[in-house]
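*Asks:* can you look at this prediction? I've put the sequence above it.
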Amino acid sequence: MSVSSKPTCRIVQPGSTYAGKQGFNYFEGIAAETVGSTGIRMHLLTIPPGGRAKAHLHASHETAIYALSGETHCWFGDQLEEHVVVCAGEMFYIPAGVPHLPANLSDQPATAIIARTDPNEQESVVLLPDLELHVPL
């Protein structure tokens, strides 16, 4: 292994964004693409007022969310039959393979740090458009 390919500590400034399959723009963070991570991805997401994702799941990968500001509604379950409101200062866990659809129903932005056990997080996204009919938005 050459010195240049040896894993090392890195600082990442969340400046650039990318469009996720889920319908949101994410600030780049820790990922295989940015630092060469092999088991984790962490990024910053700000959901604008009235913003909502597409119904989706992350195949074989867990998600952990820390809400920095605002509040986000999340419908989850096989038919998106469950509902929770995640408020600033709270953490939210989504097991691998669980369908979910987050939305910001307020008039203020909602920002969260999101970590997943997939360093290439967009590869594991499975869109579930049929489930979107189950969410009362």
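*Replies:* Arrived safely.
*Asks:* what secondary structure does the residue positioned nearest the centre of the chain sit in?
*Replies:* The centroid of the chain falls nearest to residue 114 when counting by CA atoms, centre = their mean (5.1 Å). For residue 114, the assignment made with DSSP: H, G, I helix; E, B strand; the rest coil gives strand.
*Asks:* what residues are up against it?
*Replies:* With contact set as CB atoms under 8 Å, 6 or more residues apart in numbering, residue 114 has these partners: 26, 42, 43, 44, 45, 63, 64, 65. C-beta: built from backbone N, CA, C; applies to glycine.
*Asks:* from those, which has minimum pLDDT?
*Replies:* Least confident by pLDDT among those: that is residue 26, with 77.
*Asks:* before we move on, which element is residue 13 in?
*Replies:* Taking DSSP states H and E as the definition, one finds residue 13 inside no helix or strand.
*Asks:* tell me how far the lowest-mean-pLDDT helix or strand in the chain lies from the chain's centre.
*Replies:* Here the helix or strand of the chain ranked lowest by mean pLDDT, DSSP states H and E is strand 17-19, holding a mean of 76. Distance, stretch centre to chain centre, for strand 17-19: 12 Å (CA atoms, centre = their mean, to the nearest Å).
*Asks:* next: stretch 11-18.
*Replies:* From the chain centre to the centre of stretch 11-18 is a distance of 15 Å (CA atoms, centre = their mean).
*Asks:* ok, residues contacting stretch 72-81?
*Replies:* With contact meaning CB under 8 Å, 6+ apart, stretch 72-81 is reached by 47, 55, 82-86, 92, 94, 98-105, 110, 112, 131, 134-135.
*Asks:* picking up where we left off before, helices or strands next to the least confident helix or strand of the chain in the packing?
*Replies:* The contact analysis (3 or more CB pairs under 8 Å, 6 or more residues apart in numbering; DSSP states H and E) places strand 17-19 against strand 25-30.
*Asks:* can you give me the pLDDT of residue 33?
*Replies:* pLDDT, read off for residue 33, is 85.
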